[in-house]
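with the input below, show me the fold.
(one chain, ligands or ions: 1)
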Amino acid sequence: MFGSIAALCAYAAEHSPFYARTLRPVRSWDDFYSLPILTGDDLRRHVNADGTGDLLTGPTRGSLVVSTSATSGARKIVHREFADQHRVSEGLAMAMRLAGFTADDRIANIFPPGGLLAAWIGAHEAIEKLGATLLPLGTTLPLDVDEQVKLLTCLRPTAIISAPSTLVRLIEGGLPPIPSVLCGGETLSPETRAFMEKALGAEIALVYGNVECGTLGVQCEALRRTQRYHVLARDVFIEIVDPVSGMPANEGEILVTHLHRRIQPLIRYHVGDRVRRVDSPCGCGLALPVIELEGRVEELEVVIGDVSLSADQVVAAVRDVPGIGERFQMRVQCLNKGDQVKILFEGEGASAETVRAALLGREPALRALEDGGALVIEVVKRGAIPTTLAGKTPRIVDERLG
Ligand SMILES: [Zn+2]
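As a prediction, the model looks like this:
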């Protein structure tokens with residue numbers, strides 16, 4: 001493992017001006033662990049869709065260009081060589097096998113090709129690798145629920161791969177049961193899972209990954225109904241670091257070093273997810289390490305359209321409102337009509353109207369959200385905002401597509 005990581009770092013430092021500036025020679029694990037962390041902002045500033053950007057190691061031909069969702073601010077661009085795209089697909093094929101998909105299945109791929117593009121291509125290729133029958137569905141957004149449900153009812157898939165939110169809408173539109181289900185691209189709450197499993201008559205398996213890194217983790221049968229995943233250690237090297245000290249930890253934030261990608265190397269990339277290492281061996285017998293996904297790292301600000309709002313701005317705006325406490329939470333959701341931010345304040349004796357007036361008085365840009373119905377303010381009683389097991393109350397919870 002160390003040899004391939006050292007070789008990756010040497011290649012990146014030699015061919016990418018960005019890494020030439022930021023990396024130091026890697027002769028030991030200590031050298032590697034002291035390298036700087038690569039952030040999403042680094043990708044935004046040093047990689048462009050036209051193949052320019054000093055993080056890239058050379059010409060980008062023989063690759064595909066994908067971007068992260070635009071709802072979470074500026075897009076991150078990722079150049080992924082075809083050989084690496086095939087590894088993403090192999091990871092998805094493994095996830096499908098573990099989900100119970102076989103060559104006898106007719107598998108509907110309903111990742112939206114206009115949204116989760118890389119996932120759609122990966123699922124397409126994975127079904128081919130499985131030797132199963134492919135039903136290439138999925139529409140560009142917005143989703144035409146009626147048409148998709150009609151198609152699925154007619155084509156009668158025996159298995160389906162989808163983002164959970166898409167599947168929920170199709171279920172609400174009358175989707176008939178499907179025996180095998182694999183979901184990815186979003187987190188899945190226990191309530192949503194229960195709703196989906198009841199409606200579909202199937203246990204849902206998950207796959208963990210993202211646009212930047214590709215497929216990261218798969219779920220065997222023993223890990224279903226948990227947030228645990230087997231890490232695809234052949235493709236990625238994963239570190240878990242303490243968010244404060246940056247030191248290796250059993251629980252903390254995940255960093256990914258992609259072992260194969262060369263056009264746009266990812267070295268100690270900060271994915272933005274909180275994870276925990278699971279040391280007990282998995283009952284399935286797979287020799288791949290297991291991590292448990294605990295959620296997203298707290299975001300620093302909410303971006304909806306052209307408007308951004310940080311937690312600190314909210315604190316400043318409501319500081320002098322009587323009866324409003326320290327605890328609040330901004331929840332960003334993707335609704336049918338667009339993104340919405342709901343801000344919950346804990347307090348007694350203050351009305352939502354008073355808080356709204358204070359907030360809009362201090363942050364006039366929020367009026368655009370308010371006018372569009374995208375800003376909701378509620379005052380709840382003390383203790384009503386849930387606390388995590390670690391005793392934290394995230395001030396921003398972004399529930400949109402990552
Ligand atoms: Zn397992």
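
where does the prediction get shaky in the stretch 201-350 of the chain?
Scanning the stretch 201-350 of the chain for pLDDT under 70 picks out 298-300, 306, 336-337.

where do the helices sit along it?
311-318 (DSSP state H, counting those that start in this stretch).

what does the stretch 251-400 of the chain put close to the ion?
Taking Cβ under 5 Å from the ion as the measure of proximity, the stretch 251-400 of the chain contacts the ion at 282, 284, 286. For every residue, glycine as well, the C-beta is placed using N, CA and C.

show the buried residues in those residues.
Neighbour counting by 16 or more other Cβ atoms under 10 Å classes 282, 286 among these as buried.

now the residues of the stretch 251-400 of the chain next to the ion as TSV including distance to A10?
Listed next are those as TSV, based on distance: Cβ to Cβ, whole Å:
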residue	distance to A10
C282	34
C284	36
L286	31
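
now flag whichever of the residues of the stretch 251-400 of the chain next to the ion is closest to I77.
Set against I77, the nearest of these by Cβ to Cβ is L286 (33.3 Å).

might you report the residue contacts of that closest one?
220, 230 (Cβ atoms under 8 Å, 6 or more residues apart in numbering).

cool, E221 as well?
Neighbours of E221 in contact, by Cβ under 8 Å, 6+ apart: 98, 100, 205, 284.

ok, now I267?
If a contact means Cβ under 8 Å, 6+ apart, then I267 has 8-9, 12, 19, 23, 35, 38, 257 as its contacts.

and which of those is nearest the ion?
Closest approach between the contacts of I267 and the ion, by Cβ to the ion: T257, at 23.0 Å.

who does the closest one form a beta bridge with?
F237 (DSSP bridges).

do the lengthiest helix in the chain and the ion meet?
Under DSSP state H, the helix in the chain containing the largest number of residues is helix 82-98. No - Helix 82-98 does not reach the ion (Cβ under 5 Å from the ion); its nearest approach is 8.0 Å.

and that helix, what does it pack against?
Other elements packing on helix 82-98 under the criterion 3 or more Cβ pairs under 8 Å, 6 or more residues apart in numbering; DSSP states H and E are strand 63-67, helix 117-130, strand 159-162, strand 180-184, strand 204-210, strand 214-218.

as JSON lines, the ones you listed with mean neighbour count would be great.
Formatted as JSON lines, the helices and strands packed on helix 82-98 follow (neighbours: other Cβ atoms under 10 Å):
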{"stretch": "strand 63-67", "mean neighbour count": "18"}
{"stretch": "helix 117-130", "mean neighbour count": "22"}
{"stretch": "strand 159-162", "mean neighbour count": "28"}
{"stretch": "strand 180-184", "mean neighbour count": "24"}
{"stretch": "strand 204-210", "mean neighbour count": "24"}
{"stretch": "strand 214-218", "mean neighbour count": "27"}
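
quick one: closest of the ones you listed to the ion.
Short answer: strand 214-218, nearest of these by Cβ to the ion, at 8.8 Å.

contacts (any at all) between the ion and the closest one?
No - under the criterion of Cβ under 5 Å from the ion, the ion is not reached by strand 214-218; the shortest gap measures 8.8 Å.

return the list of helices and strands in contact with that strand.
Partner elements for strand 214-218 (3+ Cβ pairs under 8 Å, 6+ apart): helix 82-98, helix 117-130, strand 204-210, strand 228-231, strand 236-241.

which other residues reach the second one?
Outside of helix 117-130, the residues within contact range by Cβ under 8 Å, 6+ apart are 64, 66, 78, 80, 85-86, 88-93, 95-97, 101-103, 105, 107, 109, 111-113, 133-134, 136, 138, 161, 163, 184-185, 209, 211, 214-215.

just the C-alphas of stretch 230-237, formatted as PDB.
Output in PDB follows, covering the C-alpha atoms of stretch 230-237 (Å, rounded to 0.1, in the frame of the first residue of the first chain):
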ATOM      1  CA  HIS A 230     -17.100  -2.200   3.300                       C
ATOM      2  CA  VAL A 231     -14.400   0.100   1.900                       C
ATOM      3  CA  LEU A 232     -13.200  -0.600  -1.600                       C
ATOM      4  CA  ALA A 233      -9.600  -0.700  -0.400                       C
ATOM      5  CA  ARG A 234      -8.300  -1.800  -3.800                       C
ATOM      6  CA  ASP A 235      -9.200   1.600  -5.200                       C
ATOM      7  CA  VAL A 236      -9.000   4.100  -2.300                       C
ATOM      8  CA  PHE A 237      -7.000   4.600   0.800                       C
END
